[in-house]
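Enquirer: Any chance you could fold what I've pasted below:
(chains A and B)
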Amino acid sequence: MKAVLGCVALLAMGIAPALAAQSSTTDEIAKYRAALQDGNPAELWEARGEGIWKAPRGPKRASLERCDLGLGPGVVKGAYARLPRYFADADRVQDLESRLVWCMTTLQGLTAAEALKNRFGNGSGARSDLEALAAYVSSESQGAKMDVPLAHPKEIEAYRIGEKLFYYRGGTHDFACATCHGEEGKRIRLQDLPDLTTPEGARAAYTTWPAYRVSQGEVRTFEWRLYDCFRQQRFPELVFGSDAAIALTVFLARNANGAPFAAPAIKR
Amino acid sequence: MGDPMKIRAALMGDETEVKVLMSHEMETGQRKDGKGQLIPAWFIQNVTVTWKDKTVLAAQWGTAVSKNPFLSFRFKGGAKGDKVTVTWVDNRGDRRTDEATIA
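Expert: Predicted structure coming up:
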């Protein structure tokens, strides 16, 4: 009996320092992020994206400056904080990336395959135009209040589907987004996971994408974040710009409404 | 010739604070590609910062410096409107020069 008690005492002693170490590690990561935020390499993507936005491209030699991101043709300022939304010309709800692909195909005459080539940069030679454009467009919403509309029937439908997808359990691991993101204090290794079911969690998470991922040397967009979450859940590949990807984005972006937009951020 | 650098220079009392963000792959020469082939080293080797024809910083870099490096330092002197010029040269002999005005 004594031996058992001893074990319990040892265990209890072992747990307390581990918890303290965990929170101090989190603090250190926060410090690391703050130190990096001042020379965020995402600025290099923003500059490249601005160049791509203004350059005449495609068979029609048109720039994206006539592209309507929801606030009128060519209006970039504040546009990202109001996306995704319903677009009458496309007759569907679109997020920034799918809207950019739409503009590339309709205004510039590119094929969808050309527009989607290198949708995610590979960390070295193959750079992504979409990631650079997303960095530029989202940077023009810095400080703007998240204000995702939920008025059109298709926007409401997308929100409902996104909510369903968020809680839908499946795949080889019987996982849902909510398995990791539906409770306070969950983490993967040292990364704290936001609880996306609370407004605070959704705001903190959604307003810091796109972000420069130090470990990948690339700016990643929200489409990439969802794509990689699906991969980590062992779900089928989330198709870029699909209704499912956009629906989840609507659900999370809408839940972040009211928060000041703060991306492009920097992440581990 | 690489992509443009982002340079900020600000007067802080009698010192000038310079912050430079460079666009560079900074390959260490130790990574392998998808086919198992070694990716050759490719990194910025020399960085020079000049102000009024005077070198205020000269650095020799190696492969331990991160991709898309960020450099921040201060030097004594400088006045609003002065130009600060930054040049890097990599191990392939490629170079890039950009300048900024002290604000």
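Enquirer: What sits closest to A:Thr197 if chain neighbours are left out?
Expert: Excluding the flanking residues, the one nearest A:Thr197 by CB to CB, 6 or more residues apart in numbering or on different chains is A:Gly182, at 5.1 Å. Just so you know, the C-beta spots here come from the backbone N, C-alpha and C atoms, and that holds for glycine as well.
Enquirer: quick one, what contacts the one you found?
Expert: Going by CB atoms under 8 Å, 6 or more residues apart in numbering or on different chains, A:Gly182 touches A:167, A:176, A:195-197.
Enquirer: B:Lys83 now?
Expert: Contact analysis of B:Lys83 by CB under 8 Å, 6+ apart lists B:51, B:99-102.
Enquirer: Top of these by number of neighbours, please.
Expert: Counting by other CB atoms under 10 Å in any protein chain shown, B:Trp51 has the largest number of neighbours within those, with 21 neighbours.
Enquirer: from the contacts of A:Gly182, which single one is nearest chain B?
Expert: Nearest to chain B among these, counting by CB to the nearest CB, is A:Leu196 at 29.5 Å.
Enquirer: Could you report the neighbour count for the residue nearest to A:Asp195 when sequence neighbours are not counted?
Expert: Nearest in space to A:Asp195, with sequence neighbours left out and distances taken as CB to CB, 6+ apart, is A:Gly201 at 4.0 Å. Using other CB under 10 Å, A:Gly201 has 20 neighbouring residues.
Enquirer: Mind listing what's buried along the helix or strand where A:Gly201 lies?
Expert: Assigned by DSSP states H and E, A:Gly201 falls within helix A:199-206. Under the neighbour-count criterion of 16 or more other CB atoms under 10 Å in any protein chain shown, helix A:199-206 has A:201-206 buried.
Enquirer: Ok, stretch A:129-148 next?
Expert: A:129-142, A:144, A:146-148.
Enquirer: Name the SS class of the residue lying farthest from the centre of chain B, please.
Expert: In terms of distance from the mean C-alpha position of chain B, B:Lys35 ranks first, at 31.6 Å (CA atoms, centre = their mean). Three-state call for B:Lys35 (DSSP: H, G, I helix; E, B strand; the rest coil): coil.
Enquirer: Tell me how far it lies from B:Phe43.
Expert: 22 Å (CB to CB, to the nearest Å).
Enquirer: same check, this time on A:Ala263
Expert: Relative to B:Phe43, and taking CB to CB, A:Ala263 is found at 29 Å.
Enquirer: Those two: who's more crowded?
Expert: Taking other CB under 10 Å, A:Ala263 and B:Phe43 do not tie; A:Ala263 has more neighbours (24 against 21).
Enquirer: quick revisit: most neighbours, which of the contacts of A:Gly182?
Expert: Counting by other CB under 10 Å, top hit in those: A:Leu196 with 23 neighbours.
Enquirer: ok, now how distant is that one from A:Arg254?
Expert: A:Leu196 is 12 Å from A:Arg254, by CB to CB.
Enquirer: Now do the residue in chain B that chain A sits nearest to against A:Cys180, distance only.
Expert: Using CB to the nearest CB, the single residue of chain B nearest to chain A is B:Phe70, 3.1 Å away. For B:Phe70, the distance to A:Cys180 equals 31 Å [CB to CB].
Enquirer: Over to A:Ala90?
Expert: 32 Å.
Enquirer: Between these two, which has more neighbouring residues?
Expert: When neighbours are counted by other CB under 10 Å, A:Ala90 and A:Cys180 differ, and A:Cys180 comes out ahead with 18 against 13.
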